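**Student:** give me the fold of what follows.
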Amino acid sequence: MNDNNALDFHGCGLWAVILGGSSGFGLATAKRLARAGFNILIGHKDKEGAVETVIKPHFDEIRAAGVKLVAHNVNLFDDDGRGEVFESIMTNAGPGKVHLFMQSIAAGSCRLMIEDKSPDFRGQAIKGLADALGLAREKVKAAVNTAFHDKGCDALHTLADSRIPYREEFLTQEDLAKTIFMMGYDYLLWGRELCKEGLLAKNSRMVAMTSEGNAVAWKGYAAVSAAKTALEASCRAMAIELAPYGVSSNIIQAGITDTPAGNAIPNFDLMKAQARIRNPFHRLTTPEDVAEVILGLCGPTLRWTNGAIIRMDGGEAISGLC
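**Tutor:** Purely as a prediction, here's the structure:
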């Protein structure tokens, strides 16, 4: 039984504004909230071809729920794009009608800081197996990669080669600055402007996404990790300063999830396999898991939740490898 089915916002004229709403967590949340009766306004940045072939059917599904959908395919980090979305919120939603603002933008730089000098444990293991089996090293390596990538043998993630390698370019100061702005304190700026203009509804919610990379170091994730900690600090500040306006702010920490943004992270195929083994439920988190939590936050039962980092990962973050 899904208690969220009792949450019905039809006829309330309320809106959910979702930045990064064309895939992953943002899209799943848009669909779920539309079924609950929210009008949806989405800001996203996709190639025009993808909008017509990939995204349009999803947007049609939202409209089929009987709600309004307004979508803007713009650069959300330049003045023109931001201005277009903000004007649209004022025109379509109007004062006091935005019940949920969600930032689900993945626009960070995933590059190594410096050349990786770590020992080649994977190569050593493949050599050891090859020697023990009396086989050529390349034959063993090919068999491991086939078993992992094509046969779904997750336990081989420590031996298989990733199909999402690190980029050759290293992290720059510009990468850091852009990532921390786009995925960090931009959330605070949107919250402040929406509040100043009176666009947020009474008892409205603001939500953004973080990951276990906020505390666990992953190679190539330095810029995004720094942005996530800035995002979480922004959320705490907003929880204090926006509460008198009737606005709560929370962060969802999702487990490893198979999304387009996730699959842009180097070694993510190996990370997904590790997560399936490590997670107590032995599956990945889904965007729909997260969407249900966000809908729950929109209801009255969880109105006292403010300034929290909510783990939505099936226990992944607290589970060791067995």
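
**Student:** helix, strand, or coil at Phe148?
**Tutor:** With DSSP: H, G, I helix; E, B strand; the rest coil as the basis, Phe148 sits in helix.

**Student:** and it, what does it touch?
**Tutor:** Asp154, Leu156, His157, Leu159, Ala160, Ala273 (CB atoms under 8 Å, 6 or more residues apart in numbering). Quick note: C-beta positions are derived from backbone N, CA and C, even for glycine.

**Student:** go ahead and confirm the first one touches Ile277.
**Tutor:** The reference is to Asp154. Yes. Using CB atoms under 8 Å, Asp154 is in contact with Ile277, at 5.5 Å.

**Student:** more neighbours: the two, which one.
**Tutor:** Legend: neighbour count by other CB atoms under 10 Å for Asp154 and Ile277, higher for Asp154 (17 against 13).

**Student:** before we move on, what's the pLDDT of the more buried one?
**Tutor:** For Asp154, the pLDDT comes out at 97.

**Student:** ok, Thr286 next?
**Tutor:** 98.

**Student:** all the helices of this protein, residue numbers only.
**Tutor:** Ranges of helices within the chain are 24-35, 48-50, 56-63, 79-88, 121-133, 137-149, 173-180, 186-196, 222-241, 268-278, 287-298, based on DSSP state H.

**Student:** please identify the most buried of those.
**Tutor:** helix 24-35 (a mean of 25; mean count of other CB atoms under 10 Å).

**Student:** what's the average pLDDT for that one?
**Tutor:** 98.

**Student:** ok, stretch 96-106 next?
**Tutor:** Rounded mean pLDDT across stretch 96-106 is 96.

**Student:** would you mark the buried spots in it?
**Tutor:** Buried residues in stretch 96-106, counting neighbours by 16 or more other CB atoms under 10 Å, are found at Lys97, Val98, His99, Leu100, Phe101, Met102, Gln103, Ser104, Ile105, Ala106.

**Student:** what of stretch 301-314?
**Tutor:** Using 16+ other CB under 10 Å as the test for burial, stretch 301-314 gives Leu302, Asn306, Gly307, Ala308, Ile310, Arg311, Met312, Asp313, Gly314.

**Student:** for Leu231, state which of the buried residues of stretch 96-106 is nearest.
**Tutor:** Leu231 lies nearest to Gln103 out of the buried residues of stretch 96-106, by CB to CB, at 8.3 Å.

**Student:** and of the buried residues of stretch 301-314, the nearest to Leu242?
**Tutor:** Nearest to Leu242 among the buried residues of stretch 301-314, counting by CB to CB, is Asn306 at 9.1 Å.
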